[in-house]
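Chemist: my questions concern the predicted model and sequence given below.
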Amino acid sequence: MKKTMYEKIWDSHLVVDAAGQAPLLYVDRHLMHEVTSPQAFEGLRLSGRKVRNPHSILATMDHCVPTKNRDLPIADPIAKKQIETMAENCLANGLNLYDMKNPNNGVIHVVVPEHGFVHPGMVVVCGDSHTATHGAFGALAFGIGTSEVEHVMATQTLPQKKSKTMQVVVNGSLSKYASAKDIALAITGKIGTAGGTGYVIEYTGSAIRELTMEGRMTLCNMAIEAGARAGLVAPDEKTYEYLKGREFAPSGQNWDQALAYWKSLTSDEGAEFDTTIVLEGAEIAPQVSWGTSPEQVVGVDGVVPSPESFADEGKRKACEGALAYMGLTANTKITDIPVDLVFIGSCTNGRIEDFRIAAEVAKGTKVAAGVTALAVPGSYHVKKQAEDEGLDKIFIEAGWEWRDPGCSMCLAMNGDELTKGQRSASTSNRNFEGRQGKGGRTHLVSPAMAAAAAAAGHFVDIRTL
Amino acid sequence: MEPYLKHESIAALMDRSNVDTDQIIPKQFLKKVERSGFGIHLFHDWRFNDDGSDNAEFELNKPAFKGAKILVAGDNFGCGSSREHAPWAIADYGFNTIISTSYADIFYNNCFKNGILAIRVNQDQLEQLMAEINANEGVCFTIDLENQQVITPAGNGFSFEIDPFRKGNLLSGLDDIGLTLKHEAKITEYEQQHKQNFPWLWA
């Protein structure tokens, strides 16, 4: 039978498939951060169970960590306790932790690929919905809850329901000004935040093949925003090139064996997907979200829609609510929307390529009066690489703040946040109400669009620069 | 986990779709290292005014919905992050049942790990339930998981589908990990084979 990549990975990880219970899937890699793990460790302790395979785990601290003055103690006592608990749990269980002061520290989904910890064909989990990121390597990677984190620690398996398969084809090439982020937002706009529910998406087509590994990570990262369990991109030469020589990548004879296996993983010619969506790469304009859900997006040359423009009653009501929360009037041109704060970073857009692209736009500009601009690298390695290339100077000279790595304003748990009514251009992944601070208004964009908005003080169609 | 028993309870209504986990439990409450005590923060930003008083506009603050165990809500409930703090908050607040047309995958899984029955209904059924609550706020529905029935005073009752594995666990209150560990021998056998097939994963 012809199989999709998802089906191949599923079949090779099936431990038990007995009648009357959910199939048990083997887990190769388990990623951890401080927010969704403490209660899992507690559960393990209370039941007298042990971590079955400590080597399968890589942990970092990212959600609550300060992005400046890291030498000072964390001011928030509850965050401090969470950070300390993470360190204690990792030490007690013999887990590899890149703590706040470790030179490998950063956002989990940025750090893990840097070290070659995820390979094609693996099953990867983390108590974090953006685990989907690692699908960029052709690994089946998905977010789980804390009870499941405990389950994986104790058993190295998870009861799972098999997903349906969705193929998202992006034909042709992207225009020079569109990026993986714009593809992700355009897909979510097209199918909605529940459009992928119950599915694993495989991204195919020439525009996907042309993406760098960083771009593929951005794209798969936001599979969850379309409701999908995971996103996948078939591995190719770019994948192998990226992995080769990294700390946890196979080497020597193992490399040849692994490579042969990885090459066998791609979906068979003619394998059937349950559903297929097609986009034309050239038609994808730089996207800007206007509402409080990632499906509420429009091209930068568009306008804020009116509730009446939605036939569906639910969508009409959602639009009304979003406009009220966002302080926007229907039919306002996107390029007329001012911004107060610009954030470049997160597991979506906090990689070296993102800062290179943003720096290119920021070079020689000045952050507009009244605007705060934060550049928050996804990891210390990204930070160092950027500094080696002189990108930090470009940002600093343009009036940006150049910070230490962390999740920062993506979900504003560490003190970096919007105040009520403030409006951001953000390269993160969610524009939910209050996500970046209570009453804060988030517009999701690509790094280039964010950098252009910082200089202009409002959104700019970067195709006209 | 407490076994899920047949019960008759007030059904509260949230007539909104795409209710996301950032609303269910806003990020400022995710820093605790315990599982308990999240109920007081459920829907915090919608539920409370800036001065900390109850927001009278927010539906769950209606006196008629006080003590509700059943939450009837719009499509795609629980979208967004994987935070299990969301079902912890929902359960701690007092809900043990959610009725909607669809749920985000991770949230749906998380509910069942915490004794919450998430029932999927079709659009017509949801609209009927919503209309019945709107016409009679404080109305009680009966949930009979054993027989997979929702029963309402106006006779809008219907049966619902549920995975037998999830149903069994809820009814018995059984721990998933214990069930999986019954397969210990098979896991070990798989692991041995896995090491042979993929030696580079274990190097």
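Modeler: Perfect, thanks for sending it. Numbering: from 1, shown residues only, chains lettered A, B, ... in the order given.
Chemist: now the nearest residue to residue B:31 once chain neighbours are set aside: phi and psi?
Modeler: Ranked by CB to CB, 6 or more residues apart in numbering or on different chains and with sequence neighbours excluded, the top spatial neighbour of residue B:31 is residue A:78, at 4.2 Å. Just so you know, the C-beta spots here come from the backbone N, C-alpha and C atoms, and that holds for glycine as well. Dihedral pair for residue A:78: phi -70, psi -40, per degrees, to the nearest 10.
Chemist: what of residue A:200?
Modeler: phi -110, psi 130.
Chemist: and the helix or strand bottoming out on mean pLDDT in chain B, which residues are buried?
Modeler: Of all regular secondary-structure elements in chain B, judged by mean pLDDT, DSSP states H and E, the least confident is helix B:176-181 with a mean of 90. Burial within helix B:176-181, assessed by neighbour count using 16 or more other CB atoms under 10 Å in any protein chain shown, is assigned to B:176-177, B:179-181.
Chemist: circling back: how many residues are close by the residue nearest to residue B:31?
Modeler: Residues within reach of residue A:78, counting by other CB atoms under 10 Å in any protein chain shown, total 15.
Chemist: before we move on, what about the one 3 residues further on?
Modeler: The tally of other residues near residue A:81 (other CB under 10 Å) stands at 17.
Chemist: next, the distance between the ends of stretch A:334-352.
Modeler: Separation of the first and last residues of stretch A:334-352 by CA to CA, to the nearest Å is 28 Å.
Chemist: and it, how far out from the chain middle?
Modeler: Relative to its chain's centre, stretch A:334-352 lies at 14 Å (CA atoms, centre = their mean, to the nearest Å).
Chemist: that stretch and chain B, any residue contact?
Modeler: No: contact between stretch A:334-352 and chain B, assessed by CB under 8 Å from any CB of the partner chain, is absent, since the two come no nearer than 11.9 Å.
Chemist: residue A:73 contacts residue A:80, correct?
Modeler: Yes: contact between residue A:73 and residue A:80 holds when scored by CB atoms under 8 Å: they sit 6.8 Å apart.
Chemist: neighbour-wise, which of the two wins?
Modeler: Under the criterion of other CB under 10 Å, the comparison of residue A:73 against residue A:80 puts residue A:80 first, with 14 against 9.
Chemist: give me phi/psi at the more buried one?
Modeler: According to degrees, to the nearest 10, the main-chain angles of residue A:80 amount to phi -60, psi -40.
Chemist: give the burial count for the residue lying closest to it once chain neighbours are set aside, as a bare number.
Modeler: Counting by CB to CB, 6+ apart, residue A:80 lies nearest to residue A:74, which is 4.1 Å off, once chain neighbours are set aside. If you count neighbours by other CB under 10 Å, residue A:74 ends up with 20.
Chemist: hang on, residue A:74 packs against residue A:83?
Modeler: Yes: using CB under 8 Å, residue A:74 and residue A:83 qualify as a contacting pair, with a distance of 6.3 Å.
Chemist: which residues are in contact with both of these two?
Modeler: Here residue A:74 and residue A:83 have A:64-65 as joint contacts, going by CB atoms under 8 Å, 6 or more residues apart in numbering or on different chains.
Chemist: what's the next secondary structure element after the strand of greatest length in chain B?
Modeler: When chain B is parsed with DSSP state E, its longest strand is strand B:7-14. Read in the C-terminal direction, the helix or strand following strand B:7-14 is helix B:21-24, with elements assigned using DSSP states H and E.
Chemist: now the element after that following helix, going C-ward?
Modeler: Elements were assigned by DSSP H and E; along the chain past helix B:21-24, the next helix or strand is helix B:44-47.
Chemist: count the neighbours of residue 133 for me.
Modeler: Went with chain A since none was named. When neighbours are defined as other CB under 10 Å, residue A:133 has 34 of them.
Chemist: that's the wrong chain, I wanted chain B
Modeler: Around residue B:133 there are 23 other residues, counting by other CB under 10 Å.
Chemist: residue contacts, it?
Modeler: B:11-13, B:72, B:139 are the contacts of residue B:133 under CB under 8 Å, 6+ apart.
Chemist: quick one, helices of the stretch 351-465 of chain A?
Modeler: Per DSSP state H, counting those that start in this stretch, the stretch 351-465 of chain A has helices spanning A:352-362, A:380-388, A:391-397, A:447-456. These are given in chain order.
Chemist: and among the ones you listed, the most buried is which?
Modeler: Counting by mean count of other CB atoms under 10 Å in any protein chain shown, helix A:447-456 has the highest mean neighbour count of these, with a mean of 28.
Chemist: state the mean pLDDT of it.
Modeler: Summarised as a single mean, pLDDT over helix A:447-456 is 98.
Chemist: secondary structure element holding the nearest residue to residue A:96 once chain neighbours are set aside?
Modeler: The shortest distance from residue A:96 to any residue that is not its chain neighbour, by CB to CB, 6+ apart, is 5.4 Å, and that residue is residue A:58. For residue A:58, the element it lies in under DSSP H and E is strand A:57-60.
Chemist: so what strands line up beside that strand?
Modeler: strand A:29-32 (parallel), strand A:96-98 (parallel) (DSSP bridges).
Chemist: highest mean neighbour count out of those?
Modeler: Sort the strands paired with strand A:57-60 by mean neighbour count, taking mean count of other CB under 10 Å, and strand A:29-32 sits at the top with a mean of 26.
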